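S.K.: Next input, structure requested:
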Amino acid sequence: MRDPWEDLVAGVPGHVEIDEWKDGFSGKREVQIIHCENGWQLVATSDLLTYVLKISEGQQQASIRLGNVLRKAGWERPDNRRITINKNRVAGWRRKP
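M.R.: So this is what the prediction gives:
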């Protein structure tokens with residue numbers, strides 16, 4: 001049976017626009033999802049769960065399911081499960097474009 005997340009992950013956007021409330025004001029901001037460094041496309045697990053799949057932080061036990069879907073879509077996880085995005089070490093995935 002095909003996982004419905006496969007379609008979402010297959011078309012991971014480079015950026016998403018989100019509505020944000022801060023200090024009582026609403027505004028839109030762009031969040032970069034796919035980062036390119038050293039010939040790799042990189043994506044943080046938390047960004048996929050939060051901004052692409054719309055799963056709140058308290059519900060993010062879904063990372064095993066996400067991992068299965070990402071592997072099918074050609075993404076790989078480094079041995080230590082960490083990648084560096086903008087000089088920050090995060091749990092994430094990578095693939096060659």
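S.K.: alpha carbons only for contacts and neighbour counts from here, please
M.R.: OK.
S.K.: residue ranges with poor pLDDT in the chain?
M.R.: 22-24, 57-61 (pLDDT under 70).
S.K.: Now do the strands in it.
M.R.: Ranges of strands within the chain are 15-22, 25-32, 35-37, 40-44, 82-85, 88-95, based on DSSP state E.
S.K.: The fifth one packs against which elements?
M.R.: In this structure, strand 82-85 packs against strand 40-44, strand 88-95, with contacts taken as 3 or more Cα pairs under 8 Å, 6 or more residues apart in numbering; DSSP states H and E.
S.K.: Now the closest residue to W93 other than its chain neighbours. Its backbone dihedrals?
M.R.: Distances taken as Cα to Cα, 6 or more residues apart in numbering put R77 closest to W93, at 4.8 Å, once the chain neighbours are dropped. Per-residue torsions, R77: phi -110, psi 130 (degrees, to the nearest 10).
S.K.: Can you name the residues that contact R77?
M.R.: 92-94 (Cα atoms under 8 Å, 6 or more residues apart in numbering).
S.K.: swap in R29?
M.R.: Residues in contact with R29, defined by Cα under 8 Å, 6+ apart, are 17-20.
S.K.: Please repeat the previous calculation with a cut-off of 6 Å.
M.R.: Shown in contact with R29 (Cα atoms under 6 Å, 6 or more residues apart in numbering): 17-18.
S.K.: ok, now R71?
M.R.: Shown in contact with R71 (Cα under 6 Å, 6+ apart): no residues.
S.K.: ok, it to E6 distance?
M.R.: Plainly put, R71 is 10 Å away from E6 if you go by Cα to Cα, to the nearest Å.
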